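**Student:** got a structure for you, letters missing:
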């Protein structure tokens, strides 16, 4: 049997390894367009910011390590065509220019995502952070910059603001929306903005980037909906889009999200083809929709399930609830489930509660503020979403809520949970329960 | 209507406040033997260790504050008799020696717990930490001591070891068992012991304290099953027992645990009498038994439910799962559900897995070790217990497991959970999921 995997990061390499572990005698060929395998893309901001000394540190398993485990790894090789009828892929070696084909019995499509590139004039002047090459380039460029504009106040934007601040840069963070972090509700995003501004970073919302032009004397002018900003460097974190073009060209069906349609076993609608990772869809347990959530957690889970099933086993990914977390210096920011806008879009009536408490017993020196927002279905009070912004120890509390939401718990059941308490680690009612009581 | 509450700490004061809030016109009388109301007993070690500057800081609501909210607070007044037939209590004012009676329509029994005092000769030489008076006394005594023996390696023992170490004392921590922290399995307790010994604290297990004698020149000799230890101060944290004597004398039935028997509404088996807190039982959702777990979380929840029901509302405490947490310097220690011994005692066959991972992505400077142990029922793989010992951010992960256990999830469902990931806060597979995969 021969497994071909397209893409050697979280989903692809996980699936390939899973299959090789199950069937040592199978041929497992992994194609990778880039120069890296199994790297932690989420670690890029920490490499750029200097917390991680080299890109190599972000690599969980190198091409050589994969080969040692028996995988046939084809680096710098792009799959250009999938013949799903005859089960063959055509590939091009990017350095030599040579082409070739390989037959497969089972294919795993794990091409990842590209950065979103909206039609903005001069976008080529921006630096992105979606792949290792871009991260390495940005690492070099930021050293030379004094003033940095970060376009996009999402996860990457926030993390790059922290990185650039650690490097002592003068920073303007801009976003097209009226708030930062549109995955949070405006009230919770307000706390994030306060934290960022408290570090002396200029934040401009309702400031869509409309044009970037290079200045003759060096540097760039960033035109926004609310004025021009002069800068030495523009970093864009405007979102991503699934790399599903090859799949579409090969008649592997996409879902409404634009990512490859899969089922809970990570099977596409094409025989013999699995898909996983940023290029594929996942079932949202609260939205009850197939969505595209380009996160490492989802990619790893999807890759594992695809690998087990590709190897002839049985595994299922029930779905996700939209959990995400990030950090800005001492502030931890997390969310799960639906926010108010998402609930509205689904026509779901929700009740909300927002509380401010402390991460530990208030009388201890380490007590930091924590803001918790809960969303529950009106009537039944089933929990459907949560957001947290707070000091050290705040963010991972979202996992308790993600678990409760997955289990279908109500706000009342959250109050009853036997959560842990010791003065240096929590108030006697955990802040998530204080929020549930308010609700 | 008149509510009488016996005991003004977590459970009693919560119940009293709940009733007064619901019915401003009710008489709410709260009897308290001591000098303090609504204090955080879990904060005593931090007061003794100097992190909290005064006992007052541990008081969430003073007698005066309770009175301002309309409660009739009778401090230093002990209820000596409950006439459940005629619904009257007899009380004694401890300072004046005066006696009296009060009628009640509804009674809440929330007397708390006393320190366990095993029949050891010279036990009167030991300091305890169960009530505010003892905490204040210990605060004074520890300042004068150079050498400290801590008898009992449970939560209080560990926290007092931290406190005494912060004060620069020479410490010997002794325990009768073969391990510290018998609420953990021996393997996990071993990590705790390592952490304690790494701070230069001497740990002696299998060293039951058999006698304490005062030395003529000052100081004490602690006789143990494994030799004599000379010391300036002995702190005993040997457990607690519910203060249920008054209930028993008044024919309010106790459960097998020795605490007051209650139902899920915190009603005792005596008409008109509720009980809550350290003196009462709680339903253990995994053991499927009524147990006595003297923790602030359980007391607050029980007090709330007792108060709502006493006020004529409807509330229910489904039960607990035995969650607890503590900290020793940078180490966080937590547990939930059953440990192996408890599972064995119930005749339950379990599978276990122990993993060691990092609290964050391993390439970041803050990554600390985290050990996670999971217990699942053999066969069905339903999660029944978990233990965590690890660095900053490790401990509160137990809440995810407590939630999963409460929801009846299996190890496989834990793997599927959409838990949060960002490099500075977690590996891409959260350690609890790494443990579930191992399982």
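**Tutor:** That came through, no problem. These numbers come from a predicted model, not from an experiment.
**Student:** how about residue A:54, what does it touch?
**Tutor:** For residue A:54, the residues meeting the contact criterion (Cβ atoms under 8 Å, 6 or more residues apart in numbering or on different chains) are residue A:47. From N, CA and C alone the C-beta is placed, and that goes for glycine too.
**Student:** Try it again at 10 Å.
**Tutor:** Residues in contact with residue A:54, defined by Cβ atoms under 10 Å, 6 or more residues apart in numbering or on different chains, are A:47, A:136, A:139, B:363.
**Student:** Check what pLDDT it gets.
**Tutor:** At residue A:54, the pLDDT value in this model is 93.
**Student:** Ramachandran coordinates for it?
**Tutor:** As for residue A:54, its main-chain torsions (degrees, to the nearest 10) stand at phi -150, psi 160.
**Student:** List the residues that contact residue A:19.
**Tutor:** Contact partners of residue A:19, counting by Cβ under 10 Å, 6+ apart, are A:1, A:3, A:5, A:26, A:28, A:71, A:106, A:108, A:306-313.
**Student:** ditto for residue A:272
**Tutor:** Shown here is residue A:272, whose contacts under the criterion Cβ under 10 Å, 6+ apart are A:4, A:84, A:87, A:104-107, A:310.
**Student:** burial of the closest residue to residue A:144 other than its chain neighbours, as a residue count?
**Tutor:** Across the structure, with Cβ to Cβ, 6 or more residues apart in numbering or on different chains as the measure, the residue nearest residue A:144 apart from its sequence neighbours is residue A:232 (7.2 Å). Other residues near residue A:232 number 18, with proximity taken as other Cβ atoms under 10 Å in any protein chain shown.
**Student:** Name the residue of the stretch 1-150 of chain A with the shortest distance to chain B.
**Tutor:** Of all residues in the stretch 1-150 of chain A, residue A:57 sits closest to chain B, with a separation of 4.3 Å (Cβ to the nearest Cβ).
**Student:** Apart from its chain neighbours, what residue comes closest to that residue?
**Tutor:** Setting aside the residues directly before and after it, residue A:57 is nearest to residue B:363 in space (Cβ to Cβ, 6+ apart), at 4.3 Å.
**Student:** Three-state assignment for that neighbour, please.
**Tutor:** Three-state assignment for residue B:363 (DSSP: H, G, I helix; E, B strand; the rest coil): coil.
**Student:** ok, back up a step: from the contacts of residue A:19, keep the buried residues only.
**Tutor:** Under a neighbour-count criterion of 16 or more other Cβ atoms under 10 Å in any protein chain shown, the subset of the contacts of residue A:19 counted as buried comprises A:3, A:5, A:26, A:28, A:71, A:106, A:108, A:306-311.
**Student:** got the residue ranges for the strands in the stretch 301-439 of chain A?
**Tutor:** Counting by DSSP state E, counting those that start in this stretch, the stretch 301-439 of chain A has strands at residues A:324-328, A:331-337, A:350-358, A:369-377, A:383-390.
**Student:** is it possible to export these to TSV including mean neighbour count?
**Tutor:** Supplementary listing: these in TSV, determined by neighbours: other Cβ atoms under 10 Å in any protein chain shown:
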stretch	mean neighbour count
strand A:324-328	23
strand A:331-337	28
strand A:350-358	18
strand A:369-377	24
strand A:383-390	28
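**Student:** Report the rounded mean pLDDT for stretch A:379-390.
**Tutor:** Per-residue pLDDT values over stretch A:379-390 give a mean of 95.
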